[in-house]
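# Predicted model, plus sequence, below.
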Amino acid sequence: MKIFYSFILAMAIFGPGCLAQREVIDKVVATIGGELVLLSEVEEQHALMEAQSGVLPEGARCNIMDQLMASKLLINQAKLDSIEVSDEEVEAQLDARIERILGFMNNDVAQFEAYYGQTINEVKSQFREDLKNQILADRMRSQVMASVTVTPSEVKKFFSSIPADSLPYFNSEVEVGEIVYKPKVNPEERKKTIEKLESIRQRILDGEDFADLASKYSDDGSARGGGDLGWAKRGKYVPEFEAAAFKLEQNEISPVVESEFGFHIIQMLERRGNSIHVRHILIKPELTDEDLEKAEAHLDSVRQLLMADSLTFSQAVKLYSDEDVQSYSNDGRLVNPATGNTFFEIGDLDPDIYFTIDSMEVGSFSKPFEFRDQVGDIYYRIVQLQSRTSPHKANLKQDYSKIQKAAIEAKKSDFISQWIRDKVDATYINIDPLFNDCPVLEKWKEKDIRP
């Protein structure tokens, strides 16, 4: 179910119904400063919520209208405050969302285009402005609430305000540490990969089309677009790739470049000041069974040192774990992306970790096991079960970070509501009579139309 809803959320800005509705329903139902709310936007959000939840409560459209007006007010203020969103940032987020949706479709471009009735570029063009406005609203909201914090006394007061019979009940939680090792490619496979790329490079120099060869040989998602990586400023790419790319003249093709992702050849398409537009062909060397066995044996030797108390877990992380994984800078401790802390309910862990720690004692170490990262590369890890709590009712001693987060979210909600009330009095606002029966919108029209 989590995967299903992630799919729905990834598609929220690209729903197929959006395309048809915008052509048919284009009535302006609210004006907030220089921003408009279209009836189609209300209906799109309503359809999405209905797909997720089934039957919606009475007044759902009113609540959607309220949320859209708040978003438009943020966008309007962002433009007044000259908050900027770069074209490169919008393009990067569009690409990421497209990649995410394609991932759920097994990277089948034909399925994507059949589903949306448009090509990938047409879908991106359709929603580029929407996404830019979404980023603007998020940036304005973050700026408005940047100063909102809570003190320990406010956390205690917030906790005390929760009726005892309403306190949440927390499931068992664990903290997990990891040491991650990336298998090394043997010299023979490394040589074969470099020779293959050098051969492809020569074919391009002899007149073959770069994009065609990228589509055929490149080992990453950019292959679908002929290796095109779009526009990027300094700092976007890993250092080895970036250093090679910025040395190129227009249309020049780099020699073979090695990065943490594999081996590349890069072609400079355009340059604008500190931004470049390049394409590449990436080939990842094949790992042999012997390479994998060596990686597993290496980590097992680290485990033996830990079990013999020859070094601490923290020391082992610094000496042996991959520096590019998130846990490396956190003494090997995994961070829960949903909460920002190090505690996980068992069901929130990756299945391979869940089944590994299920029968482990606190403080013990697992045997090395294989896993794949988000792009499919093979790694090995050993994990340590660092703590395990029993199911319990919320309390300040065990759950302070969670209660603190809830307290700050409540304070932010109050803060943004007050900010909206202040801005409403200084902003031109007009709401279509279609929404006259929405009590939740009264705060937007207390003084009718504002000059």
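The structure has been received and is ready for your questions.

# where's Glu290 relative to Phe365, distance?
Going from Glu290 to Phe365 by CB to CB, to the nearest Å gives 25 Å. In this view, the C-beta of every residue, glycine as well, is placed from N, C-alpha and C.

# With His46 instead?
As it turns out, when the distance is counted by CB to CB, His46 lies 51 Å from Phe365.

# Which one of those two is surrounded by more residues?
Set side by side, His46 and Phe365 show more neighbours around Phe365, with 19 against 16, by other CB atoms under 10 Å.

# residue contacts, the more buried one?
Listed by CB atoms under 8 Å, 6 or more residues apart in numbering, the contact partners of Phe365 are Arg303, Leu306, Met307, Ile382, Val383, Gln384.

# What strand or helix carries the first one?
Arg303 belongs to helix 289-307 when assigned by DSSP states H and E.

# what comes up buried for that helix?
Residues of helix 289-307 classed as buried under the neighbour-count rule (16 or more other CB atoms under 10 Å) are Asp291, Ala295, Glu296, Leu299, Val302, Arg303, Leu306.

# That helix: what's the following helix or strand?
Counting by DSSP H and E, the element after helix 289-307 in chain order, helix or strand, is helix 313-320.

# which outside residues touch that next one?
Looking at helix 313-320 with CB under 8 Å, 6+ apart, the contacting residues turn out to be 177, 179, 181, 299, 302, 305-306, 311, 327-328, 331-332, 384.

# Now flag whichever of those residues is closest to Glu361.
Within the contacts of helix 313-320, proximity to Glu361 (CB to CB) peaks at Gln384, which comes in at 10.5 Å.

# so that closest one, which of the three states?
Secondary structure of Gln384, reduced to three states by DSSP: H, G, I helix; E, B strand; the rest coil: strand.

# Show me the strands in the stretch 351-451 of the chain, by range?
Listed from the start of the chain, the stretch 351-451 of the chain has strands (DSSP state E, counting those that start in this stretch) covering 369-372, 378-388, 392-393, 429-431.

# and of those, who's closest to Ala407?
For the strands of the stretch 351-451 of the chain, proximity to Ala407 was assessed by CB to CB; strand 392-393 is nearest, at 17.6 Å.

# Report the distance from the closest one to the chain centre.
32 Å (CA atoms, centre = their mean, to the nearest Å).

# and if you look at stretch 411-428?
Using CA atoms, centre = their mean, the distance from the centre of stretch 411-428 to the centre of the chain it belongs to is 28 Å.

# Tell me the buried residues in it?
Neighbour counts using 16+ other CB under 10 Å place Lys411, Lys412, Ile416, Trp419, Ile420, Lys423, Val424, Thr427 of stretch 411-428 among the buried residues.

# Equivalent analysis for stretch 394-401, please.
Within stretch 394-401, the residues that qualify as buried by neighbour count (16+ other CB under 10 Å) are Ala394, Gln398, Asp399.

# With adjacent residues omitted, what lies nearest to Gly34?
In space, Gly34 comes closest to Asn76 once its chain neighbours are excluded; the distance is 5.8 Å by CB to CB, 6 or more residues apart in numbering.

# burial count for that neighbour?
Asn76: 22 surrounding residues under other CB under 10 Å.

# secondary structure element for it?
Applying DSSP H and E as the criterion places Asn76 in helix 60-80.

# pLDDT averaged over that helix - what is it?
Model confidence over helix 60-80 averages 95 on the pLDDT scale.

# Tell me the first helix or strand C-terminal of it.
Elements were assigned by DSSP H and E; along the chain past helix 60-80, the next helix or strand is helix 87-104.

# Mind listing what's buried along that following helix?
Taking 16+ other CB under 10 Å as the criterion, helix 87-104 shows Val90, Glu91, Gln93, Leu94, Asp95, Arg97, Ile98, Ile101, Leu102, Phe104 as buried.

# Following the chain onward from that helix, which element is next?
Following helix 87-104 in sequence order, the next helix or strand is helix 109-116 (DSSP H and E).

# Taking their axis directions, that next one and helix 87-104 sit at what angle?
Compare the direction of helix 109-116 with that of helix 87-104 by axes from the mean of the first three to the mean of the last three CA atoms, to 10 degrees and you get 100 degrees.

# tell me how far helix 109-116 is from the chain's mean position?
The offset between the C-alpha centroid of helix 109-116 and the centroid of the whole chain comes to 23 Å, using CA atoms, centre = their mean.

# can you pull the buried residues of that helix?
Of the residues in helix 109-116, Phe112, Tyr116 count as buried by neighbour count, 16+ other CB under 10 Å.
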